[in-house]
Each structure stands twice: as C-alpha cells, then as structure tokens.
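# dropping a prediction and its sequence here:
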Amino acid sequence: MLFFVVGLDATVIGLRIPDTTAVVGDIINIPVYADTSLTGENIYSYQLQINFETNIIFANGVVIDGTISEPFGSPYFNNSIPGQVTIAAAGTSPLIGMGVFLYIQFEILQSGFSPISFTGEENNFFNEGTPGIVFNNGSISIPTSVSEFQDNLPDFVLCQNYPNPFSYSTTISFELNTSLRPEYREQVENTEMIIYNIKGQKIKTLNVTLSGVEGSIIWYGTDNQGIQVSNGIYFYRIQYVHQPRNNKVSGINRTLTNDIKKLILLR
C-alpha cells in the first residue's frame, strides 16, 4: 500500500479502490470508497484522476446512484486520454457520510492484469486541496477462462512478500495447495514469478525452482536489465505449467495463473 497525502489540514480522507476479478466481456462497476467520513469536512467539490491499462479495460462512465457523491449530480467525465479517466463535480451543499464515493464503469476487453490507480496529489483533491487525501490503489485481474474465474481455490497459495515495504531485497514465498490432486503435485515445471509496475508493464521475470510443495524467491528491486527500479507500488503473480507424470492427467501443459499481490519499494 502506497500513500499520497494531500494538504496540511489535520483531517485526512481515505480513498480506496479495491482489488477485483472479472471475465472478458463483462461490464462492471468498480467502487471508489471513502473510508473516512466526509461529514463536517465542508467538501463542495472534488476531482479524481485514475490510471489503468488501456489494452485490458476501458472506462465507460461513472455511476453515482446511491453513492456519497450523488447529491452533486452527474459529474464531468473525460476518458479521451488512453488509459486515464478524469472525474469532477461540485455542489452547493457539502457531501456527508462514508462508504462508496462513486463507481467507475469498466468494460473488460481481454484477459490479463491492470492496476487501477490514482495519478497523484496534483490531480486528485477535495475543494482546493483541503481536506487531505490518503490513496489506496487497486487492481483488476481477468483470467483466461470462465472456469478459472469460478475456481475459488487456486492451485498455488501466494504469500505476501516480506519485508514489505522493502529497500534492498524482499522474499516472496508460495506453496502448492494441499488439496491439489496428487498427480499435479508430483511435478510442476516452468514456474515464473512476474513483477509488474503500477502501469501493468512487466518489469521482471524470475525463474522459480519448486522443491516439494513450497518455494520462495528473492527480488532485489531490479528490472530484466539488472537496473534498479524506482520507489513505488509493484505487483507480483506466479505463472506455471502443470506437467503430470506419465501423462496421467488430461490437459497436459495446462497453463494457469493465480492471484496477484502488491509490494512496495522504498529506498
């Protein structure tokens, strides 16, 4: 979790976009939550600017029905810049309450992964910058098939990296799910840990050797060229290929990808 704090006022409002999963072809409403009450903060206007991976999802519009921002009416909505949407509105009475601030409607274009992130303090604010805002970015994962989406028990259990945040190196651990069929547990090859930046771009691919049912890998904060990457939020996922022994299981070389987690680099 990476925080950007806007303004010097004592009150800070938490805005959060959750992580979610969808299927290609879906049209879904991603909530932006206000985790701090707006009551008494005299909020008469707001602007939000969100980045996402334009090849994966497309921003269709904003839904405000039943949300905190509904009293302001339909907001200004600009999606003319690929991979970015700007939303703004104002009213004559201050906003109150906490919960869903608004929904951003996305169309799911193809399978993959996209961060959904606030662009920073200069483009996201209440009023003229007061009260301040703390941002918690989210993401969306789109599996390659509906059956994968419906599988609530991933074959790999991906653990949170430690330490997190980290400054030099961090360890990412994982293990095979104990309920995985024995034929699959016998051999798992071609396993990779993939690190993405906040724009959803692959920056590092780490080859993984799995011994038994557990494994771990260390990332030193470098890209595939060995160059140190900048501070910020990154995401990681594990990709692998099942290769059952003696061809006992159908679907040999069944490529799957499990969930995605965040990590933070702070030097």
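Yep, it's here.

# for residue 226, grab the count of nearby residues.
Residues contacting residue 226 under the criterion other Cβ atoms under 10 Å number 8. Bear in mind the C-beta positions are built from the backbone N, C-alpha and C, glycine included.

# over to residue 263?
Residues near residue 263, counting by other Cβ under 10 Å, number 22.

# tell me who's in contact with it.
Listed by Cβ atoms under 8 Å, 6 or more residues apart in numbering, the contact partners of residue 263 are 161, 164, 165, 166, 170, 172, 233, 234, 235, 236.

# hmm, try it at 6 Å
161, 164, 234 (Cβ atoms under 6 Å, 6 or more residues apart in numbering).

# can you give me the strands in the stretch 101-250 of the chain?
With DSSP state E, counting those that start in this stretch as the criterion, the stretch 101-250 of the chain has strands at 112-118, 125-126, 132-136, 138-142, 156-158, 170-176, 188-196, 202-208, 214-219, 232-242.

# so, low pLDDT: which residues of the chain?
Within the chain, the stretches with pLDDT under 70 are 1-10, 144-155, 177-190, 209-213, 240-259.

# can you pull up the most central residue in it?
Residue closest to the mean C-alpha point of the chain, counted by Cα atoms, centre = their mean, is residue 139 at 2.0 Å.

# what about that one, distance to residue 37?
Distance from residue 139 to residue 37, counting by Cβ to Cβ, to the nearest Å: 26 Å.

# repeat for residue 237
35 Å.

# neighbour count: those two, which is higher?
residue 237 (18 against 14).

# just list whatever residues bridge to that one.
residue 194, residue 260 (DSSP bridges).

# wait, isn't it in contact with residue 260?
Yes. Proximity of residue 237 to residue 260 meets the contact threshold set by Cβ atoms under 6 Å, at 4.6 Å.

# my guess is the residue nearest to the centre of the chain contacts residue 115, does it?
Yes. The pair residue 139 / residue 115 is scored as a contact, 4.9 Å apart, by Cβ under 6 Å.

# burial measure for residue 96, as a count.
There are 13 residues near residue 96, going by other Cβ under 10 Å.

# how close does it sit to residue 39?
Applying Cβ to Cβ, the value for residue 96 to residue 39 is 4 Å.

# so what pairs up with residue 107 in the strands?
Here residue 107, judged by DSSP bridges, has bridge partners residue 27, residue 58.

# quick one: contacts for it?
So residue 107 contacts 27, 58, 60 (Cβ under 6 Å, 6+ apart).

# show me where the protein has helices.
All helices of the chain, identified by DSSP state H, fall at 146-150, 182-185.

# burial measure for residue 134, as a count.
For residue 134, the neighbour count with other Cβ under 10 Å is 16.

# quick one: it and residue 16 touch, right?
No. Residue 134 is not in contact with residue 16 according to Cβ under 6 Å; the separation is 8.8 Å.

# ok so, going back, turn the strands of the stretch 101-250 of the chain into CSV, columns for distance to residue 47.
Shown next, in CSV, are those (distance: least, Cβ to Cβ, whole Å):
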stretch, distance to residue 47
strand 112-118, 11
strand 125-126, 6
strand 132-136, 11
strand 138-142, 19
strand 156-158, 35
strand 170-176, 34
strand 188-196, 27
strand 202-208, 30
strand 214-219, 35
strand 232-242, 21
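
# so which of those strands is nearest residue 12?
When the strands of the stretch 101-250 of the chain are compared by Cβ to Cβ, strand 132-136 sits nearest residue 12, at 4.4 Å.

# elements contacting the closest one?
strand 12-16 (3 or more Cβ pairs under 6 Å, 6 or more residues apart in numbering; DSSP states H and E).

# circling back to that earlier point, let's see the PyMOL selection covering just the buried ones among the contacts of residue 107.
Per 16 or more other Cβ atoms under 10 Å, the buried members of the contacts of residue 107 correspond to this PyMOL selection:
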select buried, resi 58+60
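
# switch the contacts of residue 107 over to CSV; also include distance to residue 102.
Listed next are the contacts of residue 107 as CSV, based on distance: Cβ to Cβ, whole Å:
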residue, distance to residue 102
27, 16
58, 18
60, 13
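
# having no further points to raise, I will conclude here.
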